Every structure is written in structure tokens, then in C-alpha cells.
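S.K.: A predicted structure for the sequence below; I have some questions about it.
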Amino acid sequence: MSLTIIEDLLTVPERENGGRTAYDRFDFQTAWGLMKVISLHSSGAEYAVAFEFHDDIAELDSLSAPTRLSFYQVKTTKSPSWSLAKISQRTKSGETRKPSYAGKMFDNVERFGSTVDKVVFVSNRPLSEMSSELTEAPFSAAEKAKLDKFITALGIECSGFKSTDHLPLFHFSDCGLHLDTYDQTLLGIVTKFLDDAIGSGIDSRAFNFILVDECRQRSKKLADLTGIDELRKSKFLTRADITGKLESFQKRRQHRPDWNSVASYLNLPFAQAARIEREWRNYEMSRFERPYASGLEFADAVKNIVVPIMETASTMWDGVVQSLPAVRSLIRQRFGDMAEDFEHAVILYEFKR
């Protein structure tokens with residue numbers, strides 16, 4: 001069974017998606033997908049969540065030995081609600097009719113067969129025919145008259161659809177995210193996740209950026225995949241991935257230099273010291289948010305220049321002033337034309353790192 005699921009994911013051609021969705025919608029989709037990952041991780045379950053692979057989001061209960069496969073279509077609307085009629089509606093494209101949302105959901109059922117656990121329509125707005133108290137529920141919980149029309153419409157579109165066999169797979173999820181505030185909601189969830197996982201939600205904005213970037217990387221259209229290892233690395237986030245990110249983030253946070261260990265040696269006017277401290281935080285955040293090889297190379301290059309100068313200076317501030325001409329070009333190559341307070345902060349941070 002598990003081998004069949006992986007082989008199918010690798011070999012079944014992906015459905016044409018008609019082009020990339022709008023960036024705002026894609027970002028909403030990324031946010032919801034990341035929330036799904038965090039929820040699964042917090043539950044203690046094994047999981048593997050894929051982005052833009054056969055559907056907006058795909059979920060396995062395991063990547064090494066999967067038994068269940070679920071698909072999620074994440075769609076946003078500014079209308080007050082969705083309806084079963086809208087989800088099963090087909091629009092014209094020239095002389096042909098495009099598949100409905102429901103038709104695309106059923107396409108995954110046909111392509112992946114009995115391995116499909118459920119196909120879920122996820123949105124920022126509720127389904128009008130379903131109780132507002134239900135956040136995720138099967139379509140079968142909807143009003144019977146409207147449900148019968150949905151069954152008829154989908155049966156006309158998809159000849160293989162059999163309501164007794166396939167309707168129980170269809171679910172609707174009112175995800176509770178709002179188009180104007182989903183990024184703030186996600187940040188709050190990531191903050192709590194950090195607090196629960198490593199005992200502190202400090203720097204959650206940086207960790208949020210790291211996780212969102214991981215999701216976006218897995219949303220990219222890739223060349224043909226040739227094996228399970230390539231599939232895992234390029235499209236899925238797993239428990240091991242998130243655990244590794246948590247451990248790496250905690251380690252780097254524990255080894256961060258302390259501003260207070262610098263401030264007492266500077267003997268600067270309060271206003272100037274406050275400005276440099278603010279830029280210290282900004283630079284530190286950029287290091288946490290973008291832990292890439294180029295950033296590490298930059299930090300090491302600055303440190304290698306600054307340390308010998310600082311160690312022979314009469315005071316810490318004299319060392320900063322002497323170091324600035326030697327590293328200014330490096331800083332501007334990476335960050336552009338920044339304020340001098342920022343440049344001073346970079347020197348101090350890398351000296352103490």
C-alpha cells in the first residue's frame with residue numbers, strides 16, 4: 001500500500017493548473033499550509049505535507065510508510081460565503097467548459113483511488129449550506145436539497161462519480177483565516193508554537209520567515225522527480241524537517257551576542273546608543289531570517305577584519321571607528337546604503353559573536 005502511494009505520487013502526471021495563482025492568494029495558501037504543518041507537529045503525529053504537488057496542499061500520514069493521502073484545495077473569496085452550487089459550477093472557456101472545483105477534487109480521487117482519505121475544499125469563508133459551528137465537515141452535512149443538486153451536477157461532469165462511494169470523501173473547511181489579517185494570525189500561531197516547543201516565543205517573526213520560506217521553496221514547479229529522496233526534499237515538509245528547524249533556531253538563539261555586554265563599554269550619549277541598539281536588533285533579525293550561506297560568508301568576512309582592529313584599539317568605540325572604513329564596502333554590498341548607526345551595529349555584533 002505505502003509503496004503504491006509513493007509510486008503514484010511520482011508517476012501520475014500532475015493536473016494542469018492554468019498558471020500560478022495571484023500572489024496574495026498564494027501567500028494565503030502558504031499560510032494555511034504552514035498552519036496545517038504546525039497543527040500536525042503539535043499533535044505528535046507523523047506527517048508529510050506537500051505544497052503545489054497534485055493540488056494546493058497534499059498530506060500523507062507518513063513519508064516512509066504512508067497509508068493515507070489527503071488533498072486540499074485552498075480558495076479565497078471576498079463574498080460572504082460559498083455554496084455547493086458555486087463549488088460545482090463549470091465556467092466556459094471558448095467552446096468548452098472548464099472543470100469545476102468539485103470536478104478537480106474528484107479528479108484526485110480517480111487518479112489516486114482507494115489511497116485517498118479525503119479531498120477538502122478550504123476557504124476563508126463558510127459554506128452557506130452548512131452549520132456555522134462546523135469548521136471542517138463532510139459535504140454530506142449540508143442541506144439535503146442543495147446536496148442533491150450538487151450530486152447531480154458532479155455526476156454530469158464526472159461519469160465515474162458515485163455518490164455512495166465518493167461523497168463521504170468530500171469535506172469543506174472554514175479555516176478561520178481572514179484575507180486582511182492572515183499573516184498576523186500565522187505569526188501568533190508561530191509564536192505560540194515556539195513557546196510550546198522550546199520555551200520561548202522570542203524572535204518568532206524570524207522563525208516565521210524561515211518556515212514560510214521553506215513552504216515557498218516547496219511550492220516551486222520542479223523538473224521531473226526521479227525518486228523518493230528527491231521528492232521528500234523538494235516538495236514535502238515532515239516532522240524531521242520542522243524538528244531540525246527548531247533545534248537549529250534554538251541553538252543560534254542561545255549563542256547570540258548580548259547587547260548589554262557591549263553597551264557598558266561604549267560610553268556613548270544615550271540617544272546614539274539607543275539608535276545603535278535598534279540597528280543591532282534589525283541586523284540580528286536579518287541574520288535569523290536569512291540563514292543562508294551568503295549571510296554566513298558575509299558575517300565571517302566582517303568578523304575576520306574587525307577582530308584584529310578591535311583587539312588593538314584603546315577603547316571599544318575607537319575600534320568601531322577604525323573598523324568602519326575597512327568593512328563599509330562589504331556592508332553596502334550586502335545591505336545597500338545604510339545609516340552609519342547600522343554599520344556600527346554590524347561591527348559590534350560580529351566582534352562579539
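M.R.: Sure thing, it's come through. As the structure is a prediction and not an experimental result, all values here were calculated from the model.
S.K.: C-alpha from now on. contacts and neighbour counts both.
M.R.: OK.
S.K.: phi, psi of the residue lying closest to residue 171 once chain neighbours are set aside?
M.R.: Residue nearest to residue 171 in three dimensions, not counting chain neighbours: residue 138, with 4.0 Å by Cα to Cα, 6 or more residues apart in numbering. Main-chain torsions, residue 138, degrees, to the nearest 10: phi -70, psi 150.
S.K.: Can you tell me how far residue 138 is from residue 173?
M.R.: Distance of residue 138 to residue 173, computed by Cα to Cα, to the nearest Å: 9 Å.
S.K.: got it, and residue 52?
M.R.: For residue 52, the distance to residue 173 (Cα to Cα) stands at 18 Å.
S.K.: Between residue 138 and residue 173, point out the one with more neighbours.
M.R.: Shown here are residue 138 and residue 173; by other Cα atoms under 10 Å, residue 173 has more neighbours (22 against 18).
S.K.: and the more buried one, what helix or strand is that in?
M.R.: According to DSSP states H and E, residue 173 maps onto strand 170-174.
S.K.: How far off centre is that strand?
M.R.: 21 Å (Cα atoms, centre = their mean, to the nearest Å).
S.K.: Just name whatever secondary elements that strand is in contact with.
M.R.: Applying 3 or more Cα pairs under 8 Å, 6 or more residues apart in numbering; DSSP states H and E, we find strand 170-174 packed against strand 116-123, strand 136-138.
S.K.: Compare these and report which one is nearest to residue 273.
M.R.: Judged by Cα to Cα, the one of these that comes nearest to residue 273 is strand 116-123, at 47.6 Å.
S.K.: contacts for stretch 31-39?
M.R.: Stretch 31-39 has contacts (Cα atoms under 8 Å, 6 or more residues apart in numbering) with 49, 51, 57, 175, 177, 182-183, 186, 189-190, 193, 211-212, 215, 237.
S.K.: For these, I'd like a selection string for PyMOL - just the buried members, please.
M.R.: Applied in PyMOL, the following selects the buried portion of the contacts of stretch 31-39 according to 16 or more other Cα atoms under 10 Å:
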select buried, resi 49+51+57+175+177+182+183+186+189+190+193+211+212+215+237
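S.K.: of all the contacts of stretch 31-39, which comes closest to residue 301?
M.R.: residue 211 (27.1 Å).
S.K.: three-state assignment of the closest one?
M.R.: Classification of residue 211 by DSSP: H, G, I helix; E, B strand; the rest coil places it in helix.
S.K.: Can you give me the pLDDT of it?
M.R.: What the model reports as pLDDT for residue 211 is 92.
S.K.: same thing with residue 352?
M.R.: pLDDT at residue 352 comes out at 89.
S.K.: which helices and strands does the helix or strand just after the strand holding residue 173 pack with?
M.R.: Counting by DSSP H and E, the next helix or strand C-terminal to strand 170-174 is helix 182-198. Packed against helix 182-198, as judged by 3+ Cα pairs under 8 Å, 6+ apart, are the following elements: helix 23-43, helix 204-218, helix 239-254.
S.K.: Put together a markdown table for these, with distance to residue 81 on each row.
M.R.: Below are these laid out as a markdown table (distance: least, Cα to Cα, whole Å):
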| stretch | distance to residue 81 |
| --- | --- |
| helix 23-43 | 17 |
| helix 204-218 | 27 |
| helix 239-254 | 34 |
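S.K.: Between those helices, which one is closest to residue 161.
M.R.: Of all the helices and strands packed on helix 182-198, helix 23-43 sits nearest to residue 161, with 27.4 Å by Cα to Cα.
S.K.: Give me the contact list for the helix or strand just after that closest one.
M.R.: Sequence order places strand 48-51 as the next helix or strand after helix 23-43, per DSSP H and E. The contact list for strand 48-51 (Cα under 8 Å, 6+ apart) reads 30, 33, 37, 57-63, 215-216, 218-219, 235-239.
S.K.: Over to stretch 279-298?
M.R.: 203, 206-207, 209-210, 249, 259, 330, 334, 341-342, 345-346, 349.
S.K.: Quick one, which of the helices and strands packed on helix 182-198 gets closest to residue 147.
M.R.: helix 23-43 (26.7 Å).
S.K.: Show me which parts of that closest one are buried, residue by residue.
M.R.: Across helix 23-43, burial judged by 16+ other Cα under 10 Å covers 25-35, 37-38, 40-41.
S.K.: Also stretch 313-329?
M.R.: Buried residues in stretch 313-329 (16+ other Cα under 10 Å): 316-317, 319-320, 323-324, 327-328.
S.K.: Between those, which sits nearest residue 95?
M.R.: residue 328 (62.3 Å).
S.K.: Residue 268: how many residues sit nearby?
M.R.: By other Cα under 10 Å, the residues close to residue 268 number 12.
S.K.: Equivalent analysis for the one 4 residues further on, please.
M.R.: Counted with other Cα under 10 Å, residues neighbouring residue 272 total 11.
S.K.: and of the helices and strands packed on strand 170-174, who's closest to residue 158?
M.R.: strand 116-123 (15.4 Å).
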